[in-house]
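Asker: the following comprises the amino acid sequence and a computationally predicted model.
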Amino acid sequence: MKLQIIDRDDQYVLNHCTKYLARDTADRRHDFGQYGPDDSRATWCEAWRFPVIDTHADAAAPSEAGYAFNDVTFVYDGRATKPATVAVLGTFGPLHAPEPLRPLLFAGEPTGFFAVTVRVPKGQVHHYQYAVDDRYQLDPVNPQRAVLDNGRTWSRFFTDACAVPLALNRAERDVLGRLVQHLLPFRLEENRRFIRGVYESLDRAGRGEAFPLAYQLDDEVGTVNYIDKLISRQEQHHAVDYRICLRIIGDLIRSRAGGTDPAVASAELYAELYRQMETERVDGWDHSRYQSPRYFLLLLRRHAMTGAFVHPKHGGNSGAAGWMYLESRFRDSAGATLFDWRRALESPLGHNTDYRG
């Protein structure tokens, strides 16, 4: 696999380092229970932003040419250890040939940071390690880690529009899908027909041309996938909330449905469960495992609504179906849409010729 190196200048990388890693504070303001007492990531602002996953754009080419790729920038903070060499190897490139990171300069002087930017297709998950003075180690900044089949732990990242399950297993995703369907406006039959029409109106070739990264899901328009990615990266500290509560809810629905699989239990059972969760009075809820069912319901509502209408690159709003719903629903007296999202986005989703994001 040939690795394509992208030329990102030092200032681009240092802007990220200054904003997130080089802040003049040692307060543990970014620890929500996911870090140990001696983990320096608790003092860094949004450590999950590394490696930097950004748009790939060639100024000399149309935006469609780079839409299927991300620029991934690996950053190593060597200010304390001052290594002589730093390289990165991972599943995004040849595992036998680590790619060197270059020292970053500011005003001609070394900053202690090292970086390299590579082009990686969207929709993928990769694992990597750093070689620091020829000794392999995990990325000390990135909170994402995964234990591979051989028992070894590697750092992990995923690119935009990734649909590979990361945080939740199949049973958990099934229960989450039923919960999300009840929360979103698409559960109404009229709206369900609209969403199905969005997907069914595009054949395989049409989807590939109009929305290259769209994948067809059910009425939750990719929201389950969005939540899975959210709790794998920026809200990783909420992964435990989902694992505990989805297990409790699955057991409750199964018990109330006489042993029926929660994935196919009736909508009425979920509606009743919602009503009970709102009042904190859920018959059979194990408060020793999770104290407040209402807290989880509010967390789920926030994530579900965001996932339904977020930019598709974040894993939700599959095929821009959520935006199409808003486009059709909100119109002025003349019938023109009040939500013309295509004006704000570049091809292939929209027709804005200035924006590349």
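Answerer: Nice, I can see it.
Asker: please identify the buried residues of stretch 129-149?
Answerer: By 16 or more other C-beta atoms under 10 Å, the buried positions in stretch 129-149 come out as 129-132, 139-144. C-beta here means a position set from N, CA and C on the backbone, and glycine is covered the same way.
Asker: likewise for stretch 147-163?
Answerer: 154-163.
Asker: and the contacts of stretch 30-44?
Answerer: With C-beta atoms under 8 Å, 6 or more residues apart in numbering as the contact definition, stretch 30-44 has outside contacts at 20-21, 23, 25-29, 45-47, 140-141, 143, 236-237.
Asker: and what of stretch 298-318?
Answerer: When contacts are taken as C-beta under 8 Å, 6+ apart, the neighbours of stretch 298-318 outside the stretch itself are 122, 160-163, 179-180, 183-184, 186, 211, 213-217, 220-230, 235, 238, 241, 319-320, 322-323, 326, 349.
Asker: please check these and keep the buried ones.
Answerer: 122, 160-163, 179-180, 183-184, 186, 211, 213-217, 220-230, 235, 238, 241, 319-320, 322-323, 349.
Asker: most neighbours among the contacts of stretch 30-44, which one?
Answerer: Across the contacts of stretch 30-44, the neighbour count under other C-beta atoms under 10 Å reaches its highest value at residue 47, namely 24 neighbours.
Asker: can you check the pLDDT for that residue?
Answerer: Residue 47 is assigned 94 on the pLDDT scale.
Asker: repeat that for the one 4 residues further on.
Answerer: If you check residue 51, the pLDDT there is 98.
Asker: list the contacts for it?
Answerer: So, once contact is read as C-beta under 8 Å, 6+ apart, residue 51 ends up touching 72-75, 139, 142, 157.
Asker: now it: closest residue in space that isn't a chain neighbour?
Answerer: Counting by C-beta to C-beta, 6 or more residues apart in numbering, residue 51 lies nearest to residue 74, which is 4.8 Å off, once chain neighbours are set aside.
Asker: look up phi and psi at that neighbour.
Answerer: Backbone torsions of residue 74, given as degrees, to the nearest 10, read phi -90, psi 130.
Asker: how many residues are close by the closest residue to residue 93 other than its chain neighbours?
Answerer: On the basis of C-beta to C-beta, 6+ apart, the spatially nearest residue to residue 93 that is not a chain neighbour turns out to be residue 3, at 3.9 Å. Burial of residue 3 is recorded as 14 neighbouring residues (other C-beta under 10 Å).
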